[in-house]
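> how would this look folded up:
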Amino acid sequence: MDSSGVVELNELLPGPYTATVRDPRLVALGISARTATLRFTAARDSTKEALVEIETADDFVRRRCASEASAANRAWILGRVVTADGRPEKEARWSIRDEFGATLVEDGRVDADGMFQWCRLPMNSRVTVDVWRDTRRASASRIVMEPLTTLHFVLQ
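Alright, predicted model coming up:
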């Protein structure tokens, strides 16, 4: 896939094919977003073009952040907290600190799917995200360089 999302499949053997397209950032978080399935039959010396629209991680988080006004030079963070066996950790809490230790978000709660987001993350800064439930804790430190940062936490 190139930077514009174009995929070329060359020199396929003739026959029927099925392709499913999903955003790998959502797959890594275990999120079942809308996917696209393309069915086609390849034939010798032929070209087929198709437009496939998927829900990207950016689309997913944009919907979740709709109630918060976006600001210039801000990014989004999307996280998911799960148990060791992959189930959503529905009672987990989360917080975000900047590189100087100042709290940006304090004592946030995940939703029923173990998901959380923050839509006002300062671009080009280092942040630390902490998640916890009872005595189980995890954290991740990132330099925010992209419009969307995704994090997956497993509380053991």
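
> who's the nearest residue in space to Leu13 that is not next to it in sequence bridged to?
Setting aside the residues directly before and after it, Leu13 is nearest to Ala42 in space (Cβ to Cβ, 6 or more residues apart in numbering), at 6.9 Å. Just so you know, the C-beta spots here come from the backbone N, C-alpha and C atoms, and that holds for glycine as well. On the basis of DSSP bridges, Ala42 is bridged to Gly15.

> For the lengthiest strand in the chain, which helices and strands make contact with it?
Identified as the longest strand of the chain according to DSSP state E is strand 74-83. When contacts are defined as 3 or more Cβ pairs under 8 Å, 6 or more residues apart in numbering; DSSP states H and E, strand 74-83 sits against helix 24-29, helix 57-64, strand 93-98, strand 115-122, strand 126-133, strand 148-155.

> Report the mean per-residue pLDDT for the first one.
Here helix 24-29 scores 87 as its mean pLDDT.

> picking up where we left off before, for the longest strand of the chain, buried residues please.
Buried residues in strand 74-83, counted by 16 or more other Cβ atoms under 10 Å: Arg74, Ala75, Trp76, Ile77, Leu78, Gly79, Arg80, Val81, Val82, Thr83.

> and if you look at stretch 148-156?
Going by neighbour count (16+ other Cβ under 10 Å), the buried part of stretch 148-156 is Leu148, Thr149, Thr150, Leu151, His152, Phe153, Leu155.

> How about residues contacting that stretch?
Contacts to stretch 148-156, defined as Cβ atoms under 8 Å, 6 or more residues apart in numbering, come from residues 25, 28-30, 57-58, 61, 75-84, 89, 92, 121, 129, 131-133, 136-138, 140, 142.
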